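# Quick check, what structure comes out for this input:
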Amino acid sequence: MSTALVRITLLGALLSCAPGAPAFGPSDTGALPTPANIIVGTWNVQGAVAPCGVSATPSPILATVVFHAGGTLSETNTFPLTGAPSPWGLSKRGPGYGTWEYDRKTDRYTYWIRFFWFVNDLYHGYQQVGPIVVALAPDGMSYTGPIQAERWIYDPATQTHSKALEFCGTQTGERF
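Residues are numbered from 1 along each chain as shown. Okay, here's the model as predicted:
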């Protein structure tokens, strides 16, 4: 094969990977080409939450959410890996995992995320985010919507969880 042909082939391969119009078909994402799978892919999400019903300055959230074909998702955010002070001690959180579904009648997606909390390196409970209902922009490249979340605290004496806090806020997602 000539050097020029190799260069053209490599250029074509590189250009096919360049950002541009979203790819939603099985040859690009592995997802079946159904309306539900338009959300499949990686999203940068920015949001802000505060305790519901309280006049407080919302805390910013920066996250990456991956919507997988078939209705599952994974999430991580910029919470410090070393933890942050909380009323209970040094708090850390794990990665988030969840599910999503598509409502063909309303053309909206609903998703849920759960992640675990640790205080002083011991399991402290979990956070349940959702249901979150969003509609994609017509170009399929962004969405906006509310955030609802609950913090559940674990009691090792009774081996049960109790709801401690509710959070409310807003978010915007942009395709990565």
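
# When you work out contacts or count neighbours from here on, use the C-alpha atoms and nothing else.
OK.

# where exactly do the strands run in the protein?
Assigned by DSSP state E, the chain shows strands spanning 41-51, 59-68, 72-77, 84-86, 89-93, 96-103, 108-119, 122-136, 142-155, 160-175.

# now the most centrally placed residue in the chain, which residues is it bridged with?
Nearest to the mean C-alpha position of the chain, counting by CA atoms, centre = their mean, stands V65 at 3.0 Å. Note on V65: beta-bridge partners by DSSP bridges are W43, E75.

# Just the pLDDT at it, thanks.
Note on V65: pLDDT of 96.

# Show me the shaky parts of the chain.
The chain contains residues with pLDDT under 70 at 1-31.

# circling back: relative to T34, which of the strands of the chain is closest?
Proximity to T34 (CA to CA) singles out strand 96-103 among those, at 10.5 Å.

# Okay, buried residues for that closest one please.
Going by neighbour count (16 or more other CA atoms under 10 Å), the buried part of strand 96-103 is G96, Y97, G98, T99, W100, E101, Y102.

# Tell me how far the third one lies from W117.
G98 sits 16 Å away from W117, taking CA to CA, to the nearest Å as the criterion.

# can you list the strands of the chain in JSON lines and add distance to L32?
Listed next are the strands of the chain as JSON lines, based on distance: least, CA to CA, whole Å:
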{"stretch": "strand 41-51", "distance to L32": "13"}
{"stretch": "strand 59-68", "distance to L32": "11"}
{"stretch": "strand 72-77", "distance to L32": "15"}
{"stretch": "strand 84-86", "distance to L32": "41"}
{"stretch": "strand 89-93", "distance to L32": "33"}
{"stretch": "strand 96-103", "distance to L32": "14"}
{"stretch": "strand 108-119", "distance to L32": "17"}
{"stretch": "strand 122-136", "distance to L32": "18"}
{"stretch": "strand 142-155", "distance to L32": "20"}
{"stretch": "strand 160-175", "distance to L32": "19"}
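
# What about the closest residue to V119 other than its chain neighbours, how many residues nearby?
Residue nearest to V119 in three dimensions, not counting chain neighbours: S91, with 4.5 Å by CA to CA, 6 or more residues apart in numbering. Applying other CA atoms under 10 Å, we find 22 residues neighbouring S91.
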